[in-house]
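>>> can you look at this prediction? I've put the sequence above it.
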Amino acid sequence: MSHTDVVLAGATAAFAIDLIVYPLDTIKTRIQASSEWTAGRRALFKGAYQGVGSIILATLPSSAAFFLTYNFLVKNLSYTLLSSDNRRSQGLQSAIHALSSAVAETASCAILTPAEVIKQNAQVVSPTSRNGTSLSLTVFKRLLKEPKSLFRGYTALVSRNLPFTALQFPLYEEIRRRAYEYKKIAHPSLIQVGVITAISAGSAGSFAAAITTPLDVIKTRMMLLKDDGRRGAPGIFETARMIVRTEGPRAIWKGGLLRVLWTFLGSGLYLGTFESSKIYLSRRREIREQLEARH
């Protein structure tokens, strides 16, 4: 499997998910946003693709950074730490997947944060206020007046994504492994790879999403809050206290059910498409090389 195959497979998967489940993410963001930012219940489902442009532009570099880093670390750490005697040690293997996904997510978040800030600010703009111009571009121009605001919420994004990926990927790898063992599949077809991966990733992702919902709410609020000229934007703990103090403890779980649904669909389709695309590209490359060798 070449780096090119990994990048192309990751980009294919990411683009597919962005377009299919993006409206659910928009609704989730609006539910989590404070009343100051929410356009109202009637507008909750309108303009569902507002801000999608920024995410599409960030998809290729962020997904490439994640999967290249993740695959590199898993491969090299497994080779270094797992000898022939303990290669079946599931505990150590899970730790390797957790560490690799955490490092990969940190790298990916550095690329994704500006796009995420633009996206979420565009998602909560009332659809009735559109003037025909791109909302993503309009929000970007506004945020560009204070460039550091484009990275507002990076710590919150990392704080949400690290435990999410640390929970999801080891659980996903374990569910997938058990599924192949249960079905006794040694050489899976593309359809089998896609279905088993989608169910495994969706199940693991929805569990991780439920656990990390409070961090997702905090991340959303931090990316939408404006800096105070004297103090700057509030941090993670200050934002959490402010939400609980002004809206009650239940507010920290806003959008949780929708986030679980969105993640089940998104993770399942994303990793299902990624693994299927990766295997398809790899097999196509092998066939082409075999034909070239014959000639």
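That came through fine.
>>> neighbours around residue 212, how many?
Applying other Cβ atoms under 10 Å, we find 24 residues neighbouring residue 212. C-beta here means a position set from N, CA and C on the backbone, and glycine is covered the same way.
>>> what does it show for phi and psi?
Per-residue torsions, residue 212: phi -100, psi 10 (degrees, to the nearest 10).
>>> for the residue lying closest to it once chain neighbours are set aside, what are its contacts?
Taking Cβ to Cβ, 6 or more residues apart in numbering, and ignoring the residues beside it in sequence, residue 212 has residue 164 as its nearest neighbour in space, at 4.8 Å. Applying Cβ atoms under 8 Å, 6 or more residues apart in numbering to residue 164 gives the contacts 105, 208-209, 211-212, 215.
>>> same thing with residue 151?
Contacts for residue 151 (Cβ under 8 Å, 6+ apart) come out as 113-114, 117.
>>> go again using 7 Å as the cut-off
By Cβ atoms under 7 Å, 6 or more residues apart in numbering, the contact list for residue 151 reads 113-114.
>>> weed out the non-buried ones from the contacts of residue 164.
Listed as buried from the contacts of residue 164 are 105, 208-209, 212, 215; burial here means 16 or more other Cβ atoms under 10 Å.
>>> in terms of contact, does residue 17 touch residue 268 like I think?
No. With contact defined as Cβ atoms under 7 Å, residue 17 does not count as touching residue 268 (9.4 Å).
>>> on that earlier part again, max pairwise distance over the contacts of residue 164: which two?
Farthest apart among those by Cβ to Cβ are 105 and 211. That separation is 15.4 Å.
>>> how about low-confidence regions in the stretch 101-250 of the chain?
For the stretch 101-250 of the chain, the stretches flagged by pLDDT under 70 are 127-136, 225-232.
>>> for it, what spans make up the helices?
135-144, 154-183, 190-211, 213-224, 236-247 (DSSP state H, counting those that start in this stretch).
>>> need those helices in CSV (columns: distance to residue 94).
Converted to CSV, the helices of the stretch 101-250 of the chain look like this (distance: least, Cβ to Cβ, whole Å):
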stretch, distance to residue 94
helix 135-144, 38
helix 154-183, 4
helix 190-211, 12
helix 213-224, 22
helix 236-247, 27
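>>> do you know which of those helices lies nearest residue 289?
Taking Cβ to Cβ, helix 190-211 is the member of those nearest to residue 289, at 19.1 Å.
>>> that closest one to helix 154-183, inter-axis angle?
140 degrees (axes from the mean of the first three to the mean of the last three Cα atoms, to 10 degrees).
>>> mean confidence for stretch 252-263?
Summarised as a single mean, pLDDT over stretch 252-263 is 92.
>>> please save the CA atoms from that stretch in CSV.
These are the backbone C-alpha positions of stretch 252-263, laid out as CSV (Å, rounded to 0.1, in the frame of the first residue of the first chain):
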residue,chain,number,x,y,z
ILE,A,252,-23.4,20.4,28.3
TRP,A,253,-25.1,17.4,26.7
LYS,A,254,-26.9,19.4,23.9
GLY,A,255,-27.0,17.6,20.6
GLY,A,256,-25.8,14.4,22.1
LEU,A,257,-28.3,12.1,20.5
LEU,A,258,-27.9,13.8,17.1
ARG,A,259,-24.1,13.6,17.5
VAL,A,260,-24.3,9.8,18.2
LEU,A,261,-26.4,9.3,15.0
TRP,A,262,-24.2,11.6,12.9
THR,A,263,-21.1,9.8,14.1
